[in-house]
Each structure stands twice: as C-alpha cells, then as structure tokens.
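Q: okay, predicted coordinates and the sequence, questions at the end:
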Protein chains: 4
Amino acid sequence: MQADTKATLNRLRRIEGQVRGLQRMVEEDAYCVDVLTQVSAVQTALEQVAVQVLDAHVRHCVADAVAGDDETAATERLDELMTAVRRFAKVRS
Amino acid sequence: MQADTKATLNRLRRIEGQVRGLQRMVEEDAYCVDVLTQVSAVQTALEQVAVQVLDAHVRHCVADAVAGDDETAATERLDELMTAVRRFAKVRS
Amino acid sequence: MQADTKATLNRLRRIEGQVRGLQRMVEEDAYCVDVLTQVSAVQTALEQVAVQVLDAHVRHCVADAVAGDDETAATERLDELMTAVRRFAKVRS
Amino acid sequence: MQADTKATLNRLRRIEGQVRGLQRMVEEDAYCVDVLTQVSAVQTALEQVAVQVLDAHVRHCVADAVAGDDETAATERLDELMTAVRRFAKVRS
C-alpha cells in the first residue's frame, strides 16, 4: 500500500471515531453548539481527505493522461476533474 | 428521546457506515473520482446533521433566551449563534 | 443613516471598485491565477457584507419577532432565517 | 479578444451592475432578507467567473506545462493549481 493511501486510510479511521463520538454526544444530549463544533471538526477532516485524493489524482491520473498521446482520454480526465472541483467547491448552478 | 434527536442519531449511524464504505474503497484502490464522489456524499449528509442541530438550537435555546428576561443571556446566545453560522458558512476572515 | 448601514455601503463601494479592477485584469489578459486570487478577495468581501447584514437581521428583526406576542410572525422570521443560513452556507440538498 | 475572455468580461460587467443594485437596496433600507438574496446572486455570478477562469487555466496553462518537457515548470503549475482549488473550495486548514 502506498504512503498516501495509508495516510488517507488513517484519516478515515479517525473520522469514523469522530462520528461515533458525535453519536455519543447526541445520545447524552450534549449542548447543541458543542455538537456543531464537533460536526465542523469532522467536516474539516473530510475536506483534508478530499484534498489529498484530489491532489494525487491531479498529479497522477490527470497529468499522465494530459502528457500521453490519447487526446480524447486527456479531455475526458480534464472534464471529470473540473466536475469534481465544481462539486468540491459547491459551485451553485 | 425526542423525535429529532432520534433522526439525528440515525443520520450519524448512516454516516458511520458511509465512512467505513470509504475505507473499503481506499483499501481496494478504487478510482479517485469515485472516492471523491463518496466523500461528497458524506459531506452532504453531515451538512444535513448540522442544519438539523442548528435549526433545533435556534428555535429552542436561542428563541427561549431571546424571549426571556435575561438580556445578557440572550446576547450570549446570539453571539454564539453568529459564531456557529460563520463557521458553518466557512466565512473567510 | 445608521452606522452599520454606512459601513455596509462603504464595503459595497469598495467591492464595486474591486470588480472594475477585475475587468481591467481580464482586459489586459492578466495571469489566470492572479485573476482567481482577486475573485477570491471579492468573494471574501461579499461574505463580510452578508455576515454584517445577517448579524443585524438576527439581532433586530428576528429577535424582536421572537420576543414579541405574535407567534406566527416569530415562526415566519425563524423559517426565513434558516432558509437564509442554509443558502449562505451553500447547503447541498 | 478571445470568446471566453469576452464572456468573462460580460459576466463581470453584469456583476458590477448587481453590486450597484445592492448599494441602492442598502441606501433605500430594503428588507435584510432581500439584501441577502441579492448578495447570494452576486456570489453565484462570481463563482461562475472563477469556474470559467479556472477551467481555461487547467485546459491551457496547466495542460501545456504538463505536456511539455520542463518538469519543474509542470510541478509549479500543479502546485499553483492545487493552491487555487483549495482556496476556491474554502478548505479549512
């Protein structure tokens, strides 16, 4: 397993733990604002995962396709990338 | 347990399952763009939790404080609310 | 004119200037990344306007309705507030 | 001037008009929620500009650098792209 795959997996395991922590907070009727703070922490952690995956994707899959000979494949990867970026940035349509 | 607490808890359990699904995808070396799509689904689900908690908070804690006699408490709840909204909306500072 | 209305108006005038600056950059064929940095600055400035307006709205209109006797009006203001917060936070539906 | 530069410029001119419209709304003391709706419309329009510029940047500057012989230049463009995407997506750090 590659180093960055392992790092992503570790992040996702921590996120699973955070989500279980959130369940306990809600079960124990924690203060709403504390729940919101914890939701925000999970969202930040998920964003880091998304950035990590997107970064690897751009530098490997997309760059390889763009540097390769198959122009259709390159365009497809670029279209796909822009769709992912648009969704990641929550672009309103 | 109140109806909306139960609904929030159910959402959080589904999110835990989605995060485990993400771990499997990463372990099995799924296509980056599919991983990103799934991360985005978890983020949407977390947002729904945040909205639900924020909605209940505004209609109960904040509204009660504002309708009550303790002006300092009301101001504190409103300050706290605006801080939560700012963070939720990821306001750049 | 109230102090915060004046502050909002000043911000909007600066934003108008920034948007005209962006037009010049595009006309003079500035480097894409510099254009994106400037777009981001305008977005931050607009967010500050939104936060300022939302803050005043919550502390005056919403708080007054909630503290008042008309329960229907209070509920309407709270519904409207949550709709505005959802849109401001770009909640995916 | 290229077709997409012209399209971006037209969008920016419309945005300038919208910002002036916002100034009038604030001067005439329009209802807060209506101001927020209009701020949101301007933000959507600005996002469209950012997407358009980013799309052109990725398909031209970045793709050319990646397909070229200068590996350092390619890495620089990819780093710069990821920084722009991170800021565009408002990634929390």
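A: Yep, it's here.
Q: enumerate the residues of chain A near chain D.
A: Applying C-beta under 8 Å from any C-beta of the partner chain, one finds that chain A approaches chain D through A:43-44, A:47-48, A:51, A:54-55, A:58-59, A:63, A:66-67, A:74, A:78, A:81-82, A:85-86, A:88-92. C-betas here are computed from N, CA, C, even on glycine.
Q: how does it look with 7 Å?
A: Counting by C-beta under 7 Å from any C-beta of the partner chain, the residues of chain A lying close to chain D are A:44, A:47, A:51, A:55, A:58-59, A:63, A:66-67, A:78, A:81-82, A:85-86, A:88-89, A:91-92.
Q: quick one, the helix or strand where residue A:10 lies and helix B:3-27 angle?
A: Element membership of residue A:10, judged by DSSP states H and E, is helix A:3-27. With axes from the mean of the first three to the mean of the last three C-alpha atoms, to 10 degrees applied, the angle from helix A:3-27 to helix B:3-27 works out at 170 degrees.
Q: how about residues contacting helix A:3-27?
A: Here helix A:3-27 makes contact (C-beta atoms under 7 Å, 6 or more residues apart in numbering or on different chains) with A:34-35, A:38-39, A:41-42, A:45-46, A:48-49, A:52-53, A:56, B:5, B:8-9, B:12-13, B:15-16, B:19-20, B:22-23, B:26-27.
Q: helix or strand right after that helix?
A: Heading C-terminal from helix A:3-27 (DSSP H and E), you reach helix A:32-57.
Q: which strands or helices does that following helix pack on?
A: Contact analysis of helix A:32-57 by 3 or more C-beta pairs under 7 Å, 6 or more residues apart in numbering or on different chains; DSSP states H and E lists helix A:3-27, helix A:71-88, helix B:32-57, helix B:71-88 as its packing neighbours.
Q: who touches the residue nearest to the spatial centre of chain A in this structure?
A: When C-alpha atoms, centre = their mean is applied to chain A, the residue found nearest the centroid is residue A:50 (1.7 Å). Listed by C-beta under 7 Å, 6+ apart, the contact set of residue A:50 reads A:88, B:36, B:39.
Q: and those, which is closest to chain D?
A: residue A:88 (4.8 Å; C-beta to the nearest C-beta).
Q: what pLDDT does the closest one get?
A: As predicted, residue A:88 sits at a pLDDT of 95.
Q: same deal with the one 3 residues further on?
A: Among the per-residue scores, residue A:91 shows a pLDDT of 94.
Q: got a list of what it touches?
A: D:47, D:51.
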